[in-house]
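> From the sequence below, what's the structure:
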Amino acid sequence: MSINENTLEQAIIAELQEKGYAYSYGPDIERDYHDVIIEETFVSMMQTINPGITDVIINEAYKEIRNLGLLKLEDLNETFHKYLIEGVGIPYQKNGENRTFTVKLIDFEHPGVNDFRVVNQYTIIEYKTKRPDVIVFINGIPMVVFELKNTAKDYTTIEQAYQQIRNYQLDIPTLFHYNAFNVICDGLDTRIGTITSDFTRYMAWKSENGEKPNDNGINFFTVLLNGVFPKEHLLDIIHNFIVFQNIKGKTVKILAGYHQYFAVKKAVERTKQAIRDKSRKVGVVWHTQGSGKSLSMVFYTGLVVSNPVFENPTIVVLTDRKDLDNQLFGTFCASSKLLLRQTPVQAESRKELKELLDVNAGGIIFTTIQKFEESREVINARSNIIFMADEAHRSQYGMEGKIDRETGKWKYGMAKYMRDALPNATFIGFTGTPIDMKDKSTIEVFGNYIDVYDMTQAVEDGATVPIYYENRTAKLKLNEAILKKIDEEYAALSSDATEIEIEKSKTDLTSIEAVVGSPERLDMLANDIIAHYEDRQYVLTGKAMIVCMTRRIAINLYKIILEKRPDWKNKVKVVLTASNQDPEEWHDIIGNKTYRDELATEFKDITSEFKIAIVVDMWLTGFDVPSMATMYIDKPMKGHNLMQAIARVNRVYKDKEAGLIVDYIGMAADLRNALKQYTKRDQDKVPDLGVAYDIAMAKLEVMRDFFYGHDYKEFFGDSDTARLKAIADGVDFALGFEDEEQKEFVKEATALSQAETLCRSLLDVHTKQEIEYFKCVKVGVSKIGGNGKITANEINARITKMLSQAIEQDGVFNIFAETGKKNPEISILSDEYMARVRAMKHKNIAAELLRDLLEDNIKIFSRTGVVKSQLFSEKLQNVLKRYNNRMITSAEVIEELLNLSKEMTDAYSAGEEKGLTPEELAFYDALVADPEVLRNMEDKILVQMAHELTELIQRSRTVDWDKKQSARAYMRTQVKHLLRKYKYPPEQAKSAIDTVIKQAELMSANIEL
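Next up is the predicted model:
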């Protein structure tokens, strides 16, 4: 029995049927293929779950969700999600009174009464005709799309399934107006993501009931189906575990990961138990930094405030620093009000906190821990207060008193002050670092662990990237006696002081600062950081952080770096809080709070010149810059402070391979000690760079095997021309590989590049150059062949320039520049251009460049002409299919592509003969898409119709007809009238109207007023 894509499709359908889903075969459903909702099911279910509803109200609700407007897909999706959660309000009159009937689209309270249906091979016609593999419908609405690939074929990948979903979003976007999330699967690897998720954010769902995932690395599809698709789970996830956030003006849809979903569900149950038992201790959720802890707190809050068991509770969110309070507050505010049902507020003072809590119920209030130290009085004695602490670690310990040996008074920790202030509140903690098991205070305050999601699991799941460690203390010749003195000083402090006191004491360690901050040492430090950074600055966006021991050291290092690199004035900045005791000369360097806020925004901007932040304490916790990949540490740190700091570089960002910690202070022992408090699996999870070095050497051998028999020694010579020719020859050689071999080459070259980025400081010059050669070839193959993923750290000005020059050496002067243009012009397909392509020595490169250019020009057609773009796209795919299957040679494919180029050029100018502009020609093509029309109508009549249609759309441009249901209906009527006026064949009219309206939408979006 053969295994194919259909095997997986049928297995998924069978699994869902076992869960009570009805099954329908797409072609058996009678419907208009232009509609994505199954209208008959929708109408029937609205009657079932909405008692008292009328046919008129159902019809209006159907119209409302079918005509959401013509906005961005993610905004349309958010609008529908709001309808899904709140219902669709339909105005009507009863007994002469205006009323509103709220139509429930899904009955979330009674999952079993809804119609859950799995459908395969469901044809949809929009910009193109497509047939997704499997769709899950709820009450006739398409909610989940499955895209499947064959488990048994080595050339079909899960990433291709992802790309297929992205293409569907362009070709049949209406399907995704209603989409909750998507599933991509090849049987062994199964992932879940939303319409705004890039591939790295399609995550595996590794648990069925909250149990620990298997360690086998296989994301078998039944785990996701059993974890997500039981009816109650699916509706719970849709209702309570999806948020929309506005990030830099763009709507982003976020779906909870499995670890967040199950941790929050456990936390809610533990909260119910704590209230029942009157223990007031829910427990602690420990999810490692960078794995979405803040959003878990949002999801938890959303579930608690909506559950009547908790009697409309007030949530008090506690942080131990103002900047953390602001960041977490921002996360809550950015999340959908649909989830939280209210707007969070910040208590600026203890008095304001008391006033906000005086309301008997409801509210989400943010505050800092310091407000509980100001007084011993009760703030509020209500029992429906849930106290949620962020980073539930030592600043919130201290139930027992300690005697102050100087004053004789008893001193207590924050835990007692919090309990005294809110004597009947229920406490839950969320932390990214583990509880200190030697200190039982956290358990006394919050209770035991609710859920643990450790570093190892987060990296395995792709929720964070691994962190590597590089020791460079030897470079600075720091005296061993000084290192020992630093350790002794901090050990003495930590034995009899709170962490806050330790932090305050650091400014008093003048003897150590004198050595660590000596001019000679800072000069060496600056030289080494500059050399290391310049060797690594092309990694991602070049963002890095330098952590200094004191403010004075930070300022002095900043000055020395600028002396050595004056052109870095905009690249490197100091981020410190100001003090009244600061020297006057520091004022302009440090600035005020507004300036620091601007720096934070600028540092998070991947395009800004600000690349290197020099800090002491700021930005080491709760400050997320996902693209940052390097941290230089020259400051003693221990425990959770150290782990929180290094976690700044573990965030996922595009193709970021890992974060790198560069140690200048000798903290290896502290790092090992800090990791001992993590799970056993985590204790070796900050590996030395030797691991990356071994990987790089192994991958380099793989590259040499790929190029066995191909001579590339000219790359290492002195001639730039010879070096560039070696790259071009290498690219042509690699493009001659079979498809699968080419993909494997790109994959292995990417792995080599990622390992080299980490261990670059350990490599000799020749090895760096050889790796650079394979990186150049890989970029060329990826950019020209389009078969691989170009990593961001490889697309730098130097390599791109080398490649473009290499192509010039082959006699094709500006093809690279032209194909890289945002809007390439059809006119560049000139006779001279075609002659150059035919003359190219490297036929594989010529064919790939020409294909790239044609695809760009088809995209231009797609923005102005629905009909022609589809025609040329199909022709191009047919030629490429024969080429990829080796049915035609490189020379033959070039001829066929050049012929298609000429056909496209002719088509672009075809309107001139008929006196039509490109916009009018597009409408003409829409009208004659069916060949029967030309047999029944005179061409001059069709030309006149194209003129009038263009004028009609241009006149209506100012009324936003594409966004308003009534205006849109009016436009459709106008088009019908025009067709009738010219006696357009009625048999072809419906299809023509649909095509014309699509063309009108494209024109409306692209022409200038």
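> in the protein, which helix or strand is least confident?
None of the helices or strands of the chain scores lower by mean pLDDT, DSSP states H and E than helix 815-819, at a mean of 33.
> next SSE after whichever strand or helix holds Q163?
In the assignment (DSSP states H and E), Q163 maps to helix 158-171. Note on helix 158-171: by DSSP H and E, the next helix or strand toward the C-terminus is strand 181-185.
> now that following strand against helix 158-171, angle please.
For strand 181-185 against helix 158-171, the angle by axes from the mean of the first three to the mean of the last three CA atoms, to 10 degrees is 140 degrees.
> helices and strands around strand 181-185, which ones?
Judged by 3 or more CB pairs under 8 Å, 6 or more residues apart in numbering; DSSP states H and E, the packing partners of strand 181-185 are strand 141-148, helix 158-171, strand 190-193, helix 221-228. Just so you know, the C-beta spots here come from the backbone N, C-alpha and C atoms, and that holds for glycine as well.
> Of these, which is nearest E30?
Nearest of those to E30, taken as CB to CB: strand 141-148 at 16.7 Å.
> can you map out the helices along the stretch 701-850 of the chain?
Secondary structure of the stretch 701-850 of the chain (DSSP state H, counting those that start in this stretch): helices located at 720-735, 739-759, 765-785, 797-809, 815-819, 831-839, 843-864.
> relative orientation of the helix holding Q163 and strand 141-148 in degrees?
Using the same axes, to 10 degrees, helix 158-171 lies at 140 degrees relative to strand 141-148.
> what comes into contact with helix 158-171?
For helix 158-171, contacts defined as CB atoms under 8 Å, 6 or more residues apart in numbering pick out 73, 126-128, 130, 132, 145, 147-149, 175-176, 182, 184-186, 189, 191, 193, 195, 199, 202, 789.
> cool, and stretch 351-371?
For stretch 351-371, the surrounding residues in contact (CB under 8 Å, 6+ apart) are 301, 305, 311-322, 325, 328-329, 332, 340, 342-347, 349-350, 379-380, 382, 384-385, 395-396, 414, 418.
> Could you pull out the helices in the stretch 851-1000 of the chain for me?
Using DSSP H, counting those that start in this stretch, the helices assigned to the stretch 851-1000 of the chain run over residues 866-884, 890-914, 918-927, 931-936, 939-955, 965-981, 986-1006.
> weakest of the ones you listed by average pLDDT?
When the helices of the stretch 851-1000 of the chain are ranked by mean pLDDT, helix 866-884 comes last with a mean of 65.
> roughly how far apart are R31 and A992?
Distance, R31 to A992, by CB to CB, to the nearest Å: 21 Å.
> who's more crowded, the two?
Taking neighbours as other CB atoms under 10 Å, R31 and A992 compare with A992 leading, 22 against 14.
> give the contact list for the closest residue to I993 other than its chain neighbours.
Leaving aside its sequence neighbours, I993 sits nearest to V975 (CB to CB, 6 or more residues apart in numbering; 5.6 Å). Contacts of V975 were listed using CB under 8 Å, 6+ apart, and they are L949, L952, I993, V996, I997, A1000.
> ok, now how distant is the residue nearest to the fourth one when sequence neighbours are not counted from Q988?
Once its chain neighbours are removed from consideration, V996 has its nearest residue in A926; the separation is 5.0 Å (CB to CB, 6+ apart). As judged by CB to CB, A926 and Q988 stand 11 Å apart.
> more crowded one of those two?
Comparing A926 with Q988 by other CB under 10 Å, the one with more neighbours is A926, at 25 against 20.
> Distance check, E895 against D107.
From E895 across to D107, the span is 62 Å (CB to CB).
> K416 now?
47 Å.
> where does W619 land on pLDDT?
pLDDT for W619: 91.
> That one: how many residues sit nearby?
Neighbours of W619 under the rule other CB under 10 Å: 22.
> Surely it is in a helix?
No - the assignment for W619 is coil, going by DSSP: H, G, I helix; E, B strand; the rest coil, so no helix is present there.
> Does it touch V547 like I think?
No - the criterion here is CB atoms under 8 Å, and W619 misses it with V547 at 9.2 Å.
> nearest residue to Y773 other than its sequence neighbours?
Among residues not flanking Y773 along the chain, F715 sits closest, at 4.7 Å (CB to CB, 6+ apart).
> before we move on, the earlier item: looking at the helices and strands packed on strand 181-185, which is nearest to N77?
helix 158-171 (10.0 Å).
> hang on, the earlier thing: switch the helices and strands packed on strand 181-185 over to a markdown table; also include mean pLDDT and distance to A11.
Shown next, in a markdown table, are the helices and strands packed on strand 181-185 (pLDDT from 0 to 100; distance: least, CB to CB, whole Å):
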| stretch | mean pLDDT | distance to A11 |
| --- | --- | --- |
| strand 141-148 | 97 | 10 |
| helix 158-171 | 92 | 16 |
| strand 190-193 | 95 | 12 |
| helix 221-228 | 93 | 8 |
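> Need the ones you listed in TSV (columns: distance to E920 and mean neighbour count).
Listed next are those as TSV, based on distance: least, CB to CB, whole Å; neighbours: other CB atoms under 10 Å:
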stretch	distance to E920	mean neighbour count
strand 141-148	36	23
helix 158-171	25	18
strand 190-193	41	24
helix 221-228	50	20
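> between those, which gets nearest to R596?
Across the helices and strands packed on strand 181-185, closest to R596 is strand 190-193 (CB to CB), at 35.1 Å.
> Contacts made by that closest one with the rest, please.
Contacts to strand 190-193, defined as CB under 8 Å, 6+ apart, come from residues 158, 162, 181-185, 201-205, 219-221, 223-224, 228, 255.
> 6 Å instead?
Here strand 190-193 makes contact (CB atoms under 6 Å, 6 or more residues apart in numbering) with F181, N182, V183, I184, R201, Y202, M203, A204, W205, N219, F221, L224.
> and of these, the nearest to I238?
F181 (8.4 Å).
> In contact with that closest one, which residues?
Applying CB under 6 Å, 6+ apart to F181 gives the contacts I192, T194, L255.
> can you rerun that using 7 Å?
Under the criterion of CB atoms under 7 Å, 6 or more residues apart in numbering, the neighbours of F181 are V144, I192, G193, T194, L255.
> How about it: which residues does it bridge to?
V144 (DSSP bridges).
> Also the one 4 residues further on?
Here C185 sits in beta bridges with L148, T190, as judged by DSSP bridges.
> Tell me which residues touch it, please.
Applying CB under 7 Å, 6+ apart, we find C185 in contact with L8, F146, L148, A161, F221.
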